[in-house]
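Undergrad: coords please:
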Amino acid sequence: MQKRQAKGSNTENQFPRILFLLFLCMALLSAVGLDYMNWTRGKSSILFSTQTKPAPPDSGAPLEDIIRSRIADLGINPTKVKRFQESEQNFHLTIDLDPMDFERLSETLEQALVTGRASILKKEEYEEGAKRYVLWQVKGADDERLSLLFSFPTAEAPTEPEPASPGPQRKIAIIIDDMGYNRRSIDDAVAVNFPLTLAIIPFTPHARETAEIAHRNGLEVIMHLPLESVNENNSMNGIVLCGMEEPVVLSILNQDLDEVPYIRGVNNHMGSRATTDWTIMRIILERLKEKNLYFIDSMTTADSVAFKMARSLDVPTARRNVFLDVELNRDYILNQLKALFRHADRNGTAVGIGHPSEITLSVLKDHLQPLLKKHKSRLVFASEIVN
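TA: Below you'll find the model as predicted:
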């Protein structure tokens, strides 16, 4: 009887210990779990690596991940990025760049942010002394906020008079994409009264009529070739898709070329997937070479291989430097137009791409002449830019 009481006493004495150990294990597991969640969100971690766990841009990646990933992709020195934390949900990044790096980064970064379900709420631009500043206010998919300040030297006008020359040496080509959907677009493009290059999509309702009118009015015509995109609808007529056999690609390409008369060259419509495919681009570019056509890489993705391959095949080529109207806003379009001229100032040539919206064509009509005069440049057809 006494032995049974002793055993019961031992069990009662051990129960608080067991309960304590269970509680301790649960607390440890909870702490580890919370620490892991902090690590996956890019916050400070005790047990895991201090590096932010990367997330692909298309899954709503944190804003800083998207920005630093794009900087790395373009080969820009990451030490140029400085981080300032304002609060848990708000912080600032400053990026000191060369003007050329700013143009490369800003265009591809805007696309990456959109893909990552982020949006640019506001853009501001100003100059102080010899520096130009561009401020973006960005909102992420989870209401994350970020202020992104780019800074770079201004392209100052020369203080000494330039030597006399026979005429302006800087050349700028402006391509108007997505032509062929309606008659008004070609009438408005002609009314701009400048040498625009018109990119016409095959199988659109007014493709042939647009080419005819453009040709009669002395404008250059190119074919806006539909190519497979990562994000867009890939079901349109005349589109070339990755994975197609060579005879199929050539058959579609030949039909597209026949749909648009008077063409001097080709640029890509969409194509963020197809222009990264060496096989598809080789088939297309070899055919264009046979037809004595040039190719403009619209650079719908920073990963495009089209420009490099065209050069390797000796196809006359150039690539887009500035998109004029990602936003249909007069101030935005005018700023992009000025950026196009600054690019030509630094490099001798520049290619801009816009669309036949009433706003875009109105900005061109109102501002091309003063900008050409100010920058001692001339507007040319795309065929005069390719090499």
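
Undergrad: helices of the stretch 151-300 of the chain, residue ranges please.
TA: For the stretch 151-300 of the chain, the helices defined by DSSP state H, counting those that start in this stretch cover 183-191, 207-216, 246-259, 278-290.

Undergrad: go on, the stretch 1-150 of the chain?
TA: All helices of the stretch 1-150 of the chain, identified by DSSP H, counting those that start in this stretch, fall at 2-40, 63-73, 99-115.

Undergrad: identify the residues contacting residue 354.
TA: With contacts defined as C-beta atoms under 8 Å, 6 or more residues apart in numbering, the neighbours of residue 354 are 174-177, 323-325, 333, 360, 364. (Glycine included, C-beta is placed from N, CA and C.)

Undergrad: turn the helices of the stretch 151-300 of the chain into CSV, including distance to residue 236, mean pLDDT and mean neighbour count.
TA: Formatted as CSV, the entries for the helices of the stretch 151-300 of the chain read as follows, by distance: least, C-beta to C-beta, whole Å; pLDDT from 0 to 100; neighbours: other C-beta atoms under 10 Å:
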stretch, distance to residue 236, mean pLDDT, mean neighbour count
helix 183-191, 18, 96, 17
helix 207-216, 13, 97, 18
helix 246-259, 11, 98, 16
helix 278-290, 16, 98, 18
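
Undergrad: between these, which one is closest to residue 62.
TA: Ranking those by proximity to residue 62 (C-beta to C-beta) places helix 278-290 first, at 32.1 Å.

Undergrad: pLDDT weak spots in the stretch 101-250 of the chain?
TA: Regions of the stretch 101-250 of the chain meeting the criterion pLDDT under 70 cover residues 126-130, 154-168.

Undergrad: change it to 90
TA: When the per-residue scores of the stretch 101-250 of the chain are filtered using pLDDT under 90, the ranges that remain are 101-169, 231-233.

Undergrad: ranges for the strands of it?
TA: Per DSSP state E, counting those that start in this stretch, the stretch 101-250 of the chain carries strands over the ranges 119-128, 131-139, 145-153, 170-179, 197-200, 220-227.

Undergrad: point out the most buried one among the ones you listed.
TA: Neighbour counts (mean count of other C-beta atoms under 10 Å) averaged over each of these peak at strand 197-200, with a mean of 30.

Undergrad: might you calculate how far it sits from the centre of the chain?
TA: 21 Å (C-alpha atoms, centre = their mean, to the nearest Å).

Undergrad: contact partners of it?
TA: Where contact means C-beta under 8 Å, 6+ apart, the residues beyond strand 197-200 that reach it are 173-180, 186, 189, 207, 210-211, 214, 219-224, 260, 263, 267, 269, 381-383.

Undergrad: right, so of the helices of the stretch 151-300 of the chain, which gets closest to residue 353?
TA: helix 183-191 (13.6 Å).

Undergrad: same for that closest one, what does it pack against?
TA: Contact partners of helix 183-191 among helices and strands, from 3 or more C-beta pairs under 8 Å, 6 or more residues apart in numbering; DSSP states H and E: strand 170-179, helix 207-216, helix 358-374.

Undergrad: mind running it again at 10 Å?
TA: Using 3 or more C-beta pairs under 10 Å, 6 or more residues apart in numbering; DSSP states H and E as the contact criterion, the elements in contact with helix 183-191 are strand 170-179, strand 197-200, helix 207-216, helix 358-374.

Undergrad: compile those into TSV and extend it with columns for distance to residue 97.
TA: What follows is the helices and strands packed on helix 183-191, written out as TSV (distance: least, C-beta to C-beta, whole Å):
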stretch	distance to residue 97
strand 170-179	22
strand 197-200	30
helix 207-216	38
helix 358-374	23
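
Undergrad: wait, which of the ones you listed is closest to residue 319?
TA: Proximity to residue 319 (C-beta to C-beta) singles out strand 170-179 among those, at 11.2 Å.

Undergrad: find the nearest non-adjacent residue to residue 80, please.
TA: residue 96 (5.1 Å; C-beta to C-beta, 6 or more residues apart in numbering).

Undergrad: ok, residue 327 to residue 145 distance?
TA: In this structure, residue 327 lies at 20 Å from residue 145, with C-beta to C-beta, to the nearest Å as the measure.

Undergrad: ok, which stretches of the stretch 251-387 of the chain are strands?
TA: Taking DSSP E, counting those that start in this stretch as the criterion, the stretch 251-387 of the chain carries its strands at 263-270, 294-297, 317-319, 322-323, 349-354, 377-380.

Undergrad: packed most tightly, which of those strands would that be?
TA: The most buried stretch of these, if neighbours are counted by mean count of other C-beta under 10 Å, is strand 294-297, with a mean of 26.

Undergrad: using CSV, write out every CA atom in that strand.
TA: The C-alpha trace of strand 294-297 is given here as CSV (Å, rounded to 0.1, in the frame of the first residue of the first chain):
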residue,chain,number,x,y,z
TYR,A,294,16.5,46.6,-91.4
PHE,A,295,15.4,45.7,-87.9
ILE,A,296,14.7,47.9,-84.9
ASP,A,297,14.7,46.2,-81.5
